[in-house]
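>>> sequence plus predicted model, see below.
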Amino acid sequence: MNAALESGESTEVEPNQNFGTVVYVHGDQLVTRGDSGLEHTYTVLLDAEITGHGKGRTLSDLNIGSRVRIVQRPDDARVLTAVECLRMPGSALD
């Protein structure tokens, strides 16, 4: 079964949007593992909108294993304009 279906996430993926699980965060770099199992490395813009459960967050708030929805810049899929934390293991967001 699709991981998005299992977690109750919307299965509709908007253009430039994907889901993944956080593998690594350092500085402005975010590495996620997609549903296919492949890892992807992104640069998160300084002014990117980072949220979790409707609250503003920072990139450093994300934990390894956090489930995220990412929004990629239309002209460069390796650059993120938004990150929404959907689940964060071991925190009040979980």
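Great, that's in hand.

>>> what segments of this protein are strands?
Under the criterion DSSP state E, strands of the chain are mapped to 17-26, 29-33, 39-52, 55-56, 67-73, 76-87.

>>> so can I have TSV of the ones you listed showing mean pLDDT and mean neighbour count?
From N, CA and C alone the C-beta is placed, and that goes for glycine too. Shown next, in TSV, are the strands of the chain (pLDDT from 0 to 100; neighbours: other Cβ atoms under 10 Å):
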stretch	mean pLDDT	mean neighbour count
strand 17-26	96	17
strand 29-33	98	18
strand 39-52	97	15
strand 55-56	94	10
strand 67-73	97	19
strand 76-87	96	17
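
>>> so what's Arg67 bridging to?
Following DSSP bridges, Arg67 is listed with bridge partners Thr21, Arg87.

>>> ok, it - contacts?
If you count contacts by Cβ atoms under 8 Å, 6 or more residues apart in numbering, Arg67 has them with Ser7, Glu9, Phe19, Gly20, Thr21, Val22, Cys85, Leu86, Arg87, Met88.

>>> gap between the residue most central in space within the chain and Gln29?
Nearest to the mean C-alpha position of the chain, counting by Cα atoms, centre = their mean, stands Val68 at 2.9 Å. Distance of Val68 to Gln29, computed by Cβ to Cβ, to the nearest Å: 14 Å.

>>> again with Arg57
Separation of Arg57 from Gln29 (Cβ to Cβ): 16 Å.
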